[in-house]
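K.L.:
The following block contains a protein sequence and its predicted model.
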Amino acid sequence: MSNASCNRRYVTYVVLVNRYIAAGCPDKAGVKRSTEHQAEEARRLENLRSHFSKIPLAKLSIRHCAQYGAANVERPRAADLDLQTLSNLCWFGVAEGALTVNPVLGRAKTRKSRDVVHCREAMPQNGDQLHQIARELLSSRQSEATGWQMLLEAFTGCRTNEVLALRMDAAKRGEPGFVEGDFIYIRRSKSGGFPYVRIDADLRSLLAAHRAWHDGRSPWYFPGPSLAFPLDRTTLTRRLGAVCPRLGAGRITSHGLRAYFVTVMRSRGLSNEQVAALIGDRTSSLIESTYGALPESWSGGEALTLMPRAGMPAWATDGDTISVDFKTKTA
C-alpha cells in the first residue's frame, strides 16, 4: 500500500473539515471563498458532523446522503444545501489527495421538484402589501435591518447574497455598494452579467431613507447582530415566515421578492430581454419559465408598483417621507 493510500485510509471527516476551513473553503479551482461564504460552509459542516463524522471517508457514498435527507425531511432545502457543502468538502479532499473521487457526486435531491413552490406564489400581491410587511419589520429594532433588506430586494430584483454583500464603505467603482451617478454596483452571483443596478426615482428615495437610518457603526448595508458581519442569508425568509401570517399576507420568501420585481417590470411593458438585464441574467430564455407567463389581467392593464398606491412608503415617519440628500460618489 502506498503512503498516499495509507494517508487516505486514516483521514477522517473532522480532519478534512479542519483542513478545508483552514484553507479558506476553496472552490474546485482552489480559490478561497468570501468570508461570508466561509462562515456558511462552516455552519453547514457543523450540521453534517453528527451524521458523517463516524463514517470513514473511504466508505462514504450517495447512500449516506439519502439517509441524511431522510433524517431531515422537514428541512429538505436546507438538507440539500448541507449536502452541497459536503460535496465541496469532498472535492477539496480530492485536491488534497485524501480522496480519489468525489463519492457523493450524482446524489439525488432531498427536495423533489413537485415540492418546490413557484417563486411567484411566494411574492407580495401588490405594493401596498409589500410596504405593509416592511413597515412591520421596520417597527422593531430586532427586525429593522431585514425590513430594509426586503425593500431593496423588491426594488432591484437582486438575490439575497447579492444585497448582503453591499458595503457602506465601498470606495471604488466595481465594489458592491459603490454608488456612481445613477448606478449602484453589485456583485452578481451565478455568473450573472450587468454588475450594477440603475437607480430610478423610487430606488433613490429608498436609498436616501436607508442612509438616514444607518448609523455607520457597521460597514454593511444590512448589519447582523454583531455588526461585524451582514445578516445571515436565511434571516429575511425566517422573519417573513413569522410576520406574514400575522398580517394575513400568506407565504412570502426572499426569492419571492425577486419574482415581484420581475412581475412589476413586465407589467410595465418591458421585454424579457430588458428584465433579464435588470436582474443580471445573461439570457432571457428562463424569465417566463422561472417566473411564469404574465397574467392576462396585467397585460395592457394598470401596471403593478413598487411603491404603495394608498398611504406612504414603509420608511415614512409622522406622515412624511424621509427627505435626505443622496450624494453619489464619483470614481
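P.N.:
Yep, it's here.
K.L.:
Run a quick check on residue 82 versus residue 69, I expect a contact.
P.N.:
No - Residue 82 lies out of contact with residue 69 (Cβ atoms under 8 Å); the separation is 9.3 Å. Glycine gets a C-beta too; all of them are placed from N, C-alpha and C.
K.L.:
neighbour count winner among those two?
P.N.:
residue 82 (23 against 20; other Cβ atoms under 10 Å).
K.L.:
contacting residues around stretch 57-66?
P.N.:
8-9, 11-13, 16, 51-52, 55, 83, 86, 90, 93, 98-99, 103-108 (Cβ atoms under 8 Å, 6 or more residues apart in numbering).
K.L.:
next one: stretch 184-198
P.N.:
Under Cβ under 8 Å, 6+ apart, the answer for stretch 184-198 is 156, 158-159, 161-163, 165-166, 170, 173-179, 182-183, 199, 203, 207, 277-282.
K.L.:
got the end-to-end distance for it?
P.N.:
Counting by Cα to Cα, to the nearest Å, you get 7 Å between the two ends of stretch 184-198.
K.L.:
Stretch 96-103 now?
P.N.:
15 Å.
K.L.:
Could you give me the buried positions within that stretch?
P.N.:
For stretch 96-103, burial by neighbour count (16 or more other Cβ atoms under 10 Å) applies to 98, 99, 102, 103.
K.L.:
Please produce JSON lines containing those residues, extended by secondary structure.
P.N.:
Listed next are the buried residues of stretch 96-103 as JSON lines, based on DSSP: H, G, I helix; E, B strand; the rest coil:
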{"residue": "98", "secondary structure": "coil"}
{"residue": "99", "secondary structure": "coil"}
{"residue": "102", "secondary structure": "coil"}
{"residue": "103", "secondary structure": "coil"}
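K.L.:
Using CSV, please lay out the residues you listed together with pLDDT and distance to residue 28.
P.N.:
Shown next, in CSV, are the buried residues of stretch 96-103 (pLDDT from 0 to 100; distance: Cβ to Cβ, whole Å):
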residue, pLDDT, distance to residue 28
98, 92, 15
99, 93, 13
102, 95, 10
103, 94, 15
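K.L.:
I'd like those residues as a markdown table, with distance to residue 46 appended.
P.N.:
Below are the buried residues of stretch 96-103 laid out as a markdown table (distance: Cβ to Cβ, whole Å):
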| residue | distance to residue 46 |
| --- | --- |
| 98 | 20 |
| 99 | 21 |
| 102 | 21 |
| 103 | 21 |
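K.L.:
which residues of the chain fall in strands?
P.N.:
Counting by DSSP state E, the chain has these strands, from start to end: 179-180, 183-185, 196-198.
K.L.:
for the record, mean pLDDT for the first one?
P.N.:
If I follow you right, that is strand 179-180. On average, the pLDDT along strand 179-180 is 94.
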